[in-house]
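> Pasting a predicted model and its sequence here:
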Amino acid sequence: MKKKKAHLLGFVQHGVMNHASTMWAHPQDKVGYSFARPEYWRDLGRIMERGLFDAMFIADELAPYTTYEGSSDAVVRYAAQFPVHDPAAVVPIVGAFTKHLGIGITLSTSFIRPYQMVRQLSTLDHLTGGRVGWNIVTSYSKSEFQAMGLENLTPRDKRYEVVEEYMQLCYQLWDSWDDDAISYDRSTGVFAEPSKVREVDFQGQYFRSRGRSFVMPSPQRRPVLWQAGSSEQGRNFAAEHAESVFGIFPTVTTMRAYADDIRARADRAGRDPSQLKLIFGLQTVLDRSHDRAVEKYEEFRSLIRIESALAIMSGHTGVDFSRLDLDDNVADVDAQGIRGLFDAILQKNDGKPVTVREAAELYGMAMGAPTAVGTPADVADEMEHYLDEGGCDGFMLLATNVPGCFVDIAELVVPELQRRGRYRLRYPGTTLRESLQEY
């Protein structure tokens with residue numbers, strides 16, 4: 001039986017913190033680097049490309065969380081996803097210092113108009129030679145809407161109805177230039193044939209646009225489309241639109257259930273399920289000595305500040321966890337934000353009660369994703385288990401100390417996976433889509 005090969009992506013933010021709470025305080029995090037400087041992104045991209053990663057995946061948040069205690073004080077105090085700089089600005093830097101690594105960025109449909117979104121993403125795809133991916137999100141945080149001067153969030157039951165129309169307009173704009181529209185004829189002075197650059201006239205319920213797309217077709221024409229929805233509507237949207245889906249599932253059972261479900265939905269939507277790549281969150285703590293890896297894991301856990309983790313968890317779910325006692329059970333909390341991340345916490349204990357304190361510790365370490373701790377062989381064993389039994393196609397690697405955690409993957413785990421026939425030996429082409437669809 002042919003062995004499934006893994007796709008690897010590095011999961012980061014353009015900020016002090018990535019996704020492990022207070023990990024920025026670790027003495028080996030960002031040593032000699034500032035996240036706000038180009039050198040950090042240059043070297044991070046080179047490390048991931050050395051490990052033949054599909055992409056660097058940059059998450060985002062548009063304003064400080066204000067749910068916990070009705071304030072962003074805890075967020076500021078502990079750098080709990082604060083500050084966070086613009087992810088799109090990083091793309092040309094990473095692209096300039098790498099040749100094959102994709103760059104996936106999170107951009108919200110709630111605040112960028114479709115016409116502008118197409119222009120921005122296509123421009124970045126040009127600048128990177130076809131290596132851009134778009135993580136399609138609809139903003140859920142009240143603090144984001146308030147920071148943008150808007151008081152009303154899009155109702156939860158309307159989010160995907162709105163974004164469905166948004167995508168239809170984006171598709172029309174991306175597809176409005178014919179392949180042979182550009183002649184670039186210096187002798188006649190004709191650049192493009194107007195009849196082959198169609199004017200889009202879109203009149204929808206939520207969006208309107210009239211005009212020609214203002215950017216040439218990029219190498220991929222459309223960026224690789226990512227989605228992370230776990231709700232019923234989110235799964236249907238992903239099955240119809242996404243080329244890759246990101247999810248966090250704490251056990252192999254929950255992984256397999258999601259994988260089977262999303263592929264069945266893709267099939268019903270008339271798509272080839274094998275073309276929809278499922279990339280699940282995984283954190284790794286590595287050392288050549290198993291005992292030392294366990295020690296490192298405990299060092300990381302000791303850095304977690306409960307208040308920091310609760311502030312992030314409150315921001316993600318829309319629930320003010322300061323109103324609950326640390327020993328209260330979280331099972332009955334009505335999470336309205338990123339429901340999938342909260343469900344991962346509840347599933348972590350296989351149905352057993354989870355207290356607020358336990359939820360914060362799990363969230364603070366890896367947002368509910370599994371953590372593989374041990375030697376390169378140990379981590380490769382766990383990855384193989386998730387590939388074969390969990391049904392995923394690869395892993396979104398959650399950072400601990402940066403860039404060291406990605407150096408460990410590139411230098412220790414990747415060679416082990418290659419020896420087992422579980423990983424590529426070279427890039428298949430020059431675009432992100434080629435890497436993602438290689439196997």
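Noted; the coordinates are in hand. Numbers count the residues shown, from 1 in each chain.
> going forward, measure contacts and count neighbours with C-alpha atoms only.
Fine.
> which residues of this protein score low on pLDDT?
In the predicted model of the chain, residues 152, 332-351 satisfy pLDDT under 70.
> and if we set it to 80?
Filtered on pLDDT under 80, the chain yields the residue ranges 1, 140, 151-157, 229, 330-353.
> which stretches of it form strands?
Using DSSP state E, the strands of the chain run over 7-13, 55-59, 102-108, 132-137, 182-185, 190-192, 199-203, 208-212, 224-227, 244-247, 277-286, 371-374, 394-398.
> Could you export the last one as PDB, CA atoms only?
As requested, the backbone C-alpha atoms of strand 394-398 are provided in PDB (Å, rounded to 0.1, in the frame of the first residue of the first chain):
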ATOM      1  CA  GLY A 394      -0.500  17.200   6.700                       C
ATOM      2  CA  PHE A 395       0.100  19.500   9.700                       C
ATOM      3  CA  MET A 396      -0.100  23.100  10.600                       C
ATOM      4  CA  LEU A 397       2.800  23.300  13.000                       C
ATOM      5  CA  LEU A 398       2.100  25.500  16.000                       C
END
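> who touches that strand?
Counting contacts by C-alpha atoms under 8 Å, 6 or more residues apart in numbering, the residues outside strand 394-398 that touch it are 5-12, 18-20, 246, 277-284, 366, 387.
> and the residues you listed, which are buried?
Buried members of the contacts of strand 394-398, counted by 16 or more other C-alpha atoms under 10 Å: 5-12, 18-20, 246, 277-284, 366, 387.
> and the residue lying closest to Leu362 once chain neighbours are set aside, how many neighbours?
Spatial nearest neighbour of Leu362, excluding adjacent residues (C-alpha to C-alpha, 6 or more residues apart in numbering): Gly368 at 5.6 Å. By the other C-alpha atoms under 10 Å criterion, the neighbourhood of Gly368 contains 28 residues.
> same question, Leu62
Look at Leu62: counted by other C-alpha under 10 Å, it has 19 neighbours.
> Which positions in stretch 158-171 come out as buried?
Along stretch 158-171, these residues count as buried under the neighbour rule (16+ other C-alpha under 10 Å): Arg159, Tyr160, Val162, Val163, Tyr166, Leu169, Cys170.
> cool, and stretch 254-262?
Within stretch 254-262, the residues that count as buried by 16+ other C-alpha under 10 Å are Thr254, Met255, Arg256, Tyr258, Ala259, Ile262.
> which residues touch that stretch?
Applying C-alpha under 8 Å, 6+ apart, the set of residues contacting stretch 254-262 from outside is 235-236, 238-239, 249, 278, 280, 347, 386, 389-392.
> give me that answer again for 6 Å
The contact list for stretch 254-262, computed with C-alpha atoms under 6 Å, 6 or more residues apart in numbering, reads Phe249, Gly390, Gly391.
> Return the entry from the residues you listed with the maximum number of neighbours.
Neighbour count (other C-alpha under 10 Å) singles out Phe249 as the most crowded of the contacts of stretch 254-262, with 27 neighbours.
> Please report the distance of that residue from His316.
16 Å (C-alpha to C-alpha, to the nearest Å).
> ditto for Cys170
When C-alpha to C-alpha is applied, the distance between Cys170 and His316 equals 27 Å.
> can you check Ser218 too?
Distance, Ser218 to His316, by C-alpha to C-alpha: 34 Å.
> picking up where we left off before, can you convert the contacts of stretch 254-262 into TSV and add a column each for distance to Ile58?
TSV is the format used below for the contacts of stretch 254-262 (distance: C-alpha to C-alpha, whole Å):
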residue	distance to Ile58
Phe249	19
Gly390	24
Gly391	24
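> Give the full set of residues in contact with His241.
Neighbour list for His241: empty [criterion: C-alpha under 6 Å, 6+ apart].
> And Gly130, by the same measure?
Gly130 touches Pro219, Gln220, Thr431, counting by C-alpha under 6 Å, 6+ apart.
> Counting neighbours, which of those end up buried?
Restricting those to buried positions leaves Pro219, Gln220, Thr431, with burial counted as 16+ other C-alpha under 10 Å.
> Pretty sure the last one sits against Gly129.
Put plainly, it is Thr431. No: here Thr431 lies out of contact with Gly129, judged by C-alpha atoms under 6 Å, at a distance of 7.0 Å.
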